[in-house]
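Undergrad: here is my input; please provide its structure:
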Amino acid sequence: MQESFPEYLDVDYTDGNEETAADYPTIESKIEKAVAVTKRGLEEYENPVVMWTGGKDSTLTLYFIEEVARQHGLETPPTVFIDHFQHFDEIHDFVDRWADAWDLDVIYAQNDDIGEYVDEHDLEPGDEIPVGDLSEHNQHHVRDLLEYEEDTFPFLLDTYVGNHLLKTVALNDTLESYDVDGVISGVRWDEQEARAEETFFSSRHDPDIYPPHDRIQPILQFDERAVWETFWDFVVPDTVSGYPDEGYVPTGADDLPNGVTVDDVPVSPKYFAGFRSLGSEVSTEKTTEEPAWLQDVENTTERAGRAQDKEDLMERLRDLGYM
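TA: Predicted structure coming up:
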């Protein structure tokens, strides 16, 4: 990381403070703010990356980045996909397909120490991993940062130790390796209580916890309904040949217009299948059989299908660098 960080930046770390999605009451106002934050981020940061999970929020963020970069002659940064070894196969397929279609540079962030141990011992999700068999780097995180005292931990993504090692450590090691100064992320205020006080430009400058960097968060002001409205009214018509320019909201995978298939649209097939939030294969469930955008998003919890122990620890995990 450059010695001058973060002094060479000119961003407002208070932008968005004490705001909510209600302060951006229309789709147009939400998009206008997203474009402004994205443009500022692409102009100010010398070596940014985009977090891309294959989910709706990060894909929407990537759409804004692509549009702003194209309109203003800016470069689309590399994307970082955290491979935590427990993804749905459909997520990998989706990311590979659209990375190729959009000519994206994808950096796959992995905790190789754990991945190699899992392969060597032919582990399944839920199997125990001895802390003492980890690298010194991972043991430092488990013992010193997480203050975890047990001899083993389960190979599960949506747990305290598992989430930190498989996602946060993998991310932070990648940020350090690529000398990243800005991470463009698709988190939203309404998505989880621990994210409700985030700002559009958010500092992560403590070198004892993570490689110093900033988070650039262009879609904080979107709620779940607005994300889907923007997809069907803008993202899909703009990126899918033959899709109606005025937008069309399908009622399912067999209701796409003009011969378009699920593989033709930048919307994960898991959302068509009823999932509203995409976590690990072993601990995320669909809520109903309806596509995500047709569900009662105003009166039900978006992350209800996620493993609850990780959700309850979200604030602590984010203090350590989780998104």
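Undergrad: please enumerate the strands of this structure.
TA: Residue ranges of the strands in the chain, as given by DSSP state E, are 48-51, 79-82, 106-109, 128-130, 152-154, 182-184, 201-204, 213-216.
Undergrad: next, format the ones you listed as a markdown table and append mean pLDDT and mean neighbour count.
TA: Yep, even glycine has a C-beta here, placed from its N, CA and C like the rest. Output for these, formatted as a markdown table (pLDDT from 0 to 100; neighbours: other C-beta atoms under 10 Å):
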| stretch | mean pLDDT | mean neighbour count |
| --- | --- | --- |
| strand 48-51 | 98 | 24 |
| strand 79-82 | 97 | 23 |
| strand 106-109 | 98 | 18 |
| strand 128-130 | 97 | 15 |
| strand 152-154 | 96 | 16 |
| strand 182-184 | 98 | 26 |
| strand 201-204 | 94 | 19 |
| strand 213-216 | 96 | 24 |
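Undergrad: can you redo these as CSV with distance to A170?
TA: Below are the strands of the chain laid out as CSV (distance: least, C-beta to C-beta, whole Å):
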stretch, distance to A170
strand 48-51, 12
strand 79-82, 5
strand 106-109, 4
strand 128-130, 15
strand 152-154, 16
strand 182-184, 13
strand 201-204, 16
strand 213-216, 15
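Undergrad: between the ones you listed, which gets nearest to E285?
TA: With C-beta to C-beta, the closest approach to E285 among those belongs to strand 152-154: 18.4 Å.
Undergrad: okay, now P291: neighbour count?
TA: By the measure other C-beta atoms under 10 Å, the count of residues near P291 is 21.
Undergrad: skipping its backbone neighbours, what lies nearest it in space?
TA: Among residues not flanking P291 along the chain, F272 sits closest, at 5.2 Å (C-beta to C-beta, 6 or more residues apart in numbering).
Undergrad: how about E289, what does it touch?
TA: A273, G274 (C-beta atoms under 8 Å, 6 or more residues apart in numbering).
Undergrad: which pLDDT does the model give it?
TA: With respect to pLDDT, E289 scores 88.
Undergrad: of all the strands of the chain, which one is nearest D10?
TA: It's strand 201-204; of these, that one is closest to D10 (C-beta to C-beta) at 10.2 Å.
Undergrad: does anything pack onto the closest one? Which helices or strands?
TA: Applying 3 or more C-beta pairs under 8 Å, 6 or more residues apart in numbering; DSSP states H and E, we find strand 201-204 packed against helix 27-44, strand 213-216.
Undergrad: need these in CSV (columns: distance to P244).
TA: CSV is the format used below for the helices and strands packed on strand 201-204 (distance: least, C-beta to C-beta, whole Å):
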stretch, distance to P244
helix 27-44, 17
strand 213-216, 32
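Undergrad: compare these and give me the one nearest V267.
TA: Among the helices and strands packed on strand 201-204, the nearest to V267 by C-beta to C-beta is helix 27-44 (17.3 Å).
Undergrad: residue contacts, V282?
TA: By C-beta under 8 Å, 6+ apart, the contact list for V282 reads Q86, P125, G126, L156, L157.
Undergrad: in TSV: the residues you listed, plus distance to E67, neighbour count and pLDDT.
TA: Formatted as TSV, the contacts of V282 follow (distance: C-beta to C-beta, whole Å; neighbours: other C-beta atoms under 10 Å; pLDDT from 0 to 100):
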residue	distance to E67	neighbour count	pLDDT
Q86	32	19	88
P125	38	17	91
G126	42	12	92
L156	37	22	91
L157	32	25	87
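Undergrad: find the nearest non-adjacent residue to Q86, please.
TA: Nearest to Q86 is S280, by C-beta to C-beta, 6+ apart, at 4.0 Å.
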